[in-house]
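Participant: sequence unknown, structure follows:
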């Protein structure tokens, strides 16, 4: 697969720590994950945090964040506060691709194109949500093309907010039913050949992505890809990792639950 034209982000020379997270799948039914996320954004010592997609389980339109007392409004408030203290980069994923550029700018986030090459510490790093590289999942790729089209999005967003919420619940229930009985290693996986091609084309030795919920480091014919973990602090064994990038390289760290 040909590398889509990446955006380029150059880190300021003063940055010493950059952190990456993705796949939190936040929703009204994940209060512990929401609390861990809010606490992390408030207390991290990173100069920048890059959110690489699926921060939200579903996003039905930016007008949801204007609804008084809504979960989306609470999330926007957390992000707005965090953006006052450090750079917060935001890349949409397959669950929250309807987060619009106007809201991102209003909150004070840096919109991240998928993919983006980030240059820091004398190195180039390619970041992506990861779903574009799951080439074997042809049904999903067809669905992705459909819902990313301007015509589909315009028609969906033209509906009342309550109708959109109901449709989103139905789509989420259908997705969960399709994954019922499957373990994460049976879900779609990134194509390593395509990932290596992307890295070579971007002249970047490292890729960071989410989407697959399989945290690991994969050596490729050209470079390596680092996979972010999902977050689930509602589980019996809570989980949530981040990747930290410093002049010493990339390292993985567990995020603690909120106190």
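Facilitator: Arrived safely. Every value quoted in this text rests on a predicted model; they were computed, and no experiment measured them.
Participant: who's in contact with the one helix or strand residue 41 maps to?
Facilitator: With elements taken from DSSP states H and E, the one containing residue 41 is helix 31-43. Contacts of helix 31-43 with the rest of the structure, by Cβ atoms under 8 Å, 6 or more residues apart in numbering, involve 21, 24-26, 49, 74-75, 78-79, 81-82, 88, 231-234, 238, 240, 242, 255-259. Backbone N, C-alpha and C define where each C-beta goes, glycine included.
Participant: out of these, which are buried?
Facilitator: Among the contacts of helix 31-43, those classed as buried by 16 or more other Cβ atoms under 10 Å are 21, 24-26, 49, 75, 78-79, 82, 88, 231-233, 238, 240, 242, 255, 258.
Participant: report the secondary structure state of residue 165.
Facilitator: At residue 165, secondary structure determined by DSSP: H, G, I helix; E, B strand; the rest coil is helix.
Participant: that one against residue 59, yeah?
Facilitator: No: judged on Cβ atoms under 8 Å, residue 165 makes no contact with residue 59 at a distance of 10.7 Å.
Participant: mind showing which ranges of the chain have poor pLDDT?
Facilitator: 178-187 (pLDDT under 70).
Participant: ranges for the strands of it?
Facilitator: For the chain, the strands defined by DSSP state E cover 7-10, 18-21, 48-52, 87-91, 110-111, 116-120, 123-128, 206-209, 216-219, 224-227, 241-246, 249-254.
Participant: can you put these in a markdown table and add distance to residue 146?
Facilitator: Formatted as a markdown table, the strands of the chain follow (distance: least, Cβ to Cβ, whole Å):
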| stretch | distance to residue 146 |
| --- | --- |
| strand 7-10 | 24 |
| strand 18-21 | 28 |
| strand 48-52 | 23 |
| strand 87-91 | 20 |
| strand 110-111 | 23 |
| strand 116-120 | 24 |
| strand 123-128 | 20 |
| strand 206-209 | 22 |
| strand 216-219 | 29 |
| strand 224-227 | 26 |
| strand 241-246 | 31 |
| strand 249-254 | 35 |
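Participant: and residue 238, how close does it get to residue 39?
Facilitator: Residue 238 sits 13 Å away from residue 39, taking Cβ to Cβ, to the nearest Å as the criterion.
Participant: any idea which of the strands of the chain gets closest to residue 148?
Facilitator: Closest approach to residue 148 among the strands of the chain is made by strand 87-91 (13.8 Å; Cβ to Cβ).
Participant: and the closest one, what does it pack onto?
Facilitator: Packed against strand 87-91 by the contact rule (3 or more Cβ pairs under 8 Å, 6 or more residues apart in numbering; DSSP states H and E) you find strand 48-52, helix 71-83, strand 110-111.
Participant: tell me what the first one is packed against?
Facilitator: Read it as strand 48-52. strand 18-21, strand 87-91, strand 123-128.
Participant: what lines up beside the second one in the sheet?
Facilitator: The pairing partners recorded for strand 87-91 under DSSP bridges are strand 48-52 (parallel), strand 110-111 (parallel).
Participant: same check, this time on the last one
Facilitator: Here the strand partners of strand 123-128, with direction, are listed using DSSP bridges: strand 116-120 (antiparallel), strand 206-209 (parallel).
Participant: repeat for the shortest one
Facilitator: Sheet pairing of strand 18-21 (DSSP bridges) gives strand 48-52 (parallel), strand 241-246 (antiparallel).
Participant: pretty sure residue 221 sits against residue 196.
Facilitator: Yes: the criterion here is Cβ under 8 Å, and residue 221 meets it with residue 196 at 4.7 Å.
Participant: now find how far off-centre stretch 50-61 is within its chain.
Facilitator: 6 Å (Cα atoms, centre = their mean, to the nearest Å).
Participant: no, scratch that, I was asking about stretch 46-56
Facilitator: With Cα atoms, centre = their mean, you get 6 Å for stretch 46-56.
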